[in-house]
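[1] this one's sequence-less:
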């Protein structure tokens with residue numbers, strides 16, 4: 001049994017425990033807070049994992065400050081529906097679904113309801129345009145992995161709905177992502193719901209005022225939803241993706257504040273567009289083959305890969321990536337070799353994978 005303390009990185013601990021089959025116990029979950037114990041979205045995540053697996057056991061003490069998790073077998077399945085609530089965005093749950101769904105007994109098809117776009121978690125637009133293409137490359141698949149947005153939902157009331165399909169992977173290929181390339185084009189989605197359709201155009205104007213100084217190939221789609229497709233709360237935002245000559249994708253986004261009644265300058269669509277553009281330029285300047293949001297995901301796939309050398313080039317490591325390295329050593333026994341490159345201010349990380357296989361899928 002592996003023991004941890006604190007509520008940090010609970011989602012990743014549950015994913016690693018399920019994939020590695022390791023029993024874990026987490027104590028001291030917000031025991032010194034005014035409201036100790038698990039939050040509602042963390043309990044919601046545990047219920048979602050129970051839907052995906054067979055035989056998992058979850059034990060929580062009366063105060064919610066101690067959790068014992070015994071993983072089961074990932075079954076997957078189609079026709080599943082889950083309400084993610086409004087405390088966290090749907091993006092909080094998508095990483096768990098994709099990582100576990102690849103190793104299920106049946107292909108996964110699930111409908112999620114809740115908040116599709118917020119500032120706390122990656123939006124569904126970043127998932128569609130950056131994360132899923134990255135996962136397809138890491139998993140060695142060309143099709144089957146898809147996310148369809150049926151309704152958008154902003155904070156605080158949500159009302160969004162998406163449909164996710166995840167195919168099965170017998171085993172993962174080795175990761176070799178050392179070439180960054182140069183940025184050749186930028187694409188994006190400016191979305192708005194329950195506000196004036198002009199908000200989307202103003203988002204584009206704010207972003208292009210910054211990005212056109214970098215390169216000319218900038219195109220941002222506008223997506224205005226109204227009626228039932230717009231969810232229950234007003235909101236708008238912009239998701240941007242930079243594509244390099246090596247096929248790498250770097251993403252960034254900015255979302256309007258939850259309450260649009262105020263007249264703060266930061267809530268203006270032009271300011272939100274500029275904020276997203278500056279965030280993307282920051283990600284580009286950091287270097288690496290992925291942006292800071294996806295560092296942990298790439299490292300996880302390196303560790304789950306075959307018993308061969310996997311190598312990836314990243315920018316300055318985020319605290320989440322550092323914690324990921326520690327979890328991969330604890331759960332899978334995988335240790336990374338870290339080699340900084342002073343000239344580009346990037347870091348090469350390499351490891352020998354654990355050879356994780358989908359036991360329920362026959363190898364061909």
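    Right, received. Where do you want to start? Source: prediction; values computed, not measured.

[2] going forward, measure contacts between C-alpha atoms and count neighbours the same way
    Will do.

[3] give the residue spans of the stretch 201-350 of the chain that score low on pLDDT.
    Regions of the stretch 201-350 of the chain meeting the criterion pLDDT under 70 cover residues 258-266.

[4] for it, which segments count as strands?
    Ranges of strands in the stretch 201-350 of the chain, per DSSP state E, counting those that start in this stretch, are 218-225, 235-244, 249-255, 309-314, 337-341, 346-352.

[5] centroid residue for this protein?
    residue 95 (5.0 Å; CA atoms, centre = their mean).

[6] for the stretch 1-150 of the chain, just list every one of the helices.
    All helices of the stretch 1-150 of the chain, identified by DSSP state H, counting those that start in this stretch, fall at 10-20, 40-52, 91-101, 124-126, 132-139.

[7] distance check, the residue nearest to the centre of the chain against residue 244.
    Residue 95 sits 24 Å away from residue 244 when distances are taken as CA to CA, to the nearest Å.

[8] and the longest helix for the chain?
    Secondary structure assigned by DSSP state H gives helix 269-286 as the longest helix of the chain.

[9] quick one on the thing from earlier: who wins for proximity to residue 290 among the strands of the stretch 201-350 of the chain?
    If you check each of these against residue 290 by CA to CA, strand 249-255 wins as the nearest, at 5.6 Å.

[10] for the closest one, which helices and strands make contact with it?
    Helices and strands touching strand 249-255, by 3 or more CA pairs under 8 Å, 6 or more residues apart in numbering; DSSP states H and E, are helix 124-126, strand 235-244, helix 269-286.

[11] need the winner for burial among those.
    Here the criterion is mean neighbour count by mean count of other CA atoms under 10 Å, and of these the winner is strand 235-244, at a mean of 26.

[12] where do the domain boundaries of this structure fall?
    2-166, 183-286, 290-352 (automatic domain parsing).

[13] what mean pLDDT does the longest one have?
    What it means is domain 2-166. Across domain 2-166, the average pLDDT comes to 94.

[14] now stretch 347-364, how far from the chain's geometric center?
    A distance of 20 Å separates the centroid of the chain from that of stretch 347-364, by CA atoms, centre = their mean, to the nearest Å.

[15] report the buried residues of it.
    Of the residues in stretch 347-364, those with enough neighbours to count as buried (16 or more other CA atoms under 10 Å) are 347-358, 360.

[16] ok, residues contacting that stretch?
    The set of residues external to stretch 347-364 that reach it, using CA atoms under 8 Å, 6 or more residues apart in numbering, is 103-105, 168-172, 174, 178, 288, 302-316, 332-341.

[17] which of those are buried?
    A residue is treated as buried here by neighbour count (16+ other CA under 10 Å); on that basis the buried members of those are 103-105, 168-172, 174, 178, 288, 302-306, 310-316, 332, 334-336.

[18] could you dump the strands of the stretch 201-350 of the chain into TSV with distance to residue 66 added?
    Putting the strands of the stretch 201-350 of the chain into TSV (distance: least, CA to CA, whole Å) gives the following:
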stretch	distance to residue 66
strand 218-225	42
strand 235-244	37
strand 249-255	34
strand 309-314	35
strand 337-341	34
strand 346-352	33
